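In: sequence below, structure please.
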Amino acid sequence: MVLTGYLNYTDEELQEMYKEYDITENDLKFARGELPHHLEGTVLQSNSRVLVTEAGEPPEGSKEGVDYDVVMSEQEMLAVIEEARATYIEKYGVDPSNPKIDEVDGYLLPVDEARKLVFLDMVRKME
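Out: Just a heads-up that it's a prediction; the model follows:
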């Protein structure tokens, strides 16, 4: 989520805030897009054309290699996502589905700090 307002933080203030909220260097790298995508290396983040259906069966008339490369059920897809998420957390210490950082006026702030600013009406979500 990107928020906007009129804020000014020094590097020292940001470092203190990161320490207070237990923000790691990997949290910051994730927020800046410097870590790989959590699905990288999975069938869902590959050159394969993945077809996901409720039952894991391709639609009638579709052809493997033409319309899709891999077919899987929704349940299988969710299992791939969850396994990739767990591996990512173990490797980087960052939960890609629950990041600790929001960007506010170009500053990378802890989510709870950004929520406080929204609550205090100091920033607004960008439309």
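In: so which residues of the chain form helices?
Out: 11-20, 25-31, 74-92, 111-119 (DSSP state H).
In: which one, of the ones you listed, ends up nearest to V43?
Out: helix 74-92 (6.5 Å; Cβ to Cβ). All C-beta spots, glycine's among them, are computed from the backbone N, C-alpha and C.
In: show me where pLDDT drops low in this protein?
Out: Within the chain, the segments meeting pLDDT under 70 span 1-6, 121-127.
In: list the contacts for the spatially most central residue of it?
Out: In the chain, the C-alpha nearest the mean C-alpha coordinate belongs to P96, at 3.9 Å (Cα atoms, centre = their mean). Residues counted as contacts of P96 (Cβ atoms under 8 Å, 6 or more residues apart in numbering) are 30, 38, 85, 88.
In: E57: which of those residues is nearest?
Out: R85 (26.0 Å).
In: distance check, the residue in the chain sticking out farthest from the centre against D67.
Out: Centroid-distance maximum for the chain: G61 at 35.5 Å, with Cα atoms, centre = their mean. Relative to D67, G61 is positioned 9 Å away (criterion: Cβ to Cβ, to the nearest Å).
In: what of Y92?
Out: 35 Å.
In: so for these two, which sits in the more crowded spot?
Out: For Y92 and D67, the more surrounded residue by other Cβ atoms under 10 Å is Y92, and the numbers stand at 17 against 13.
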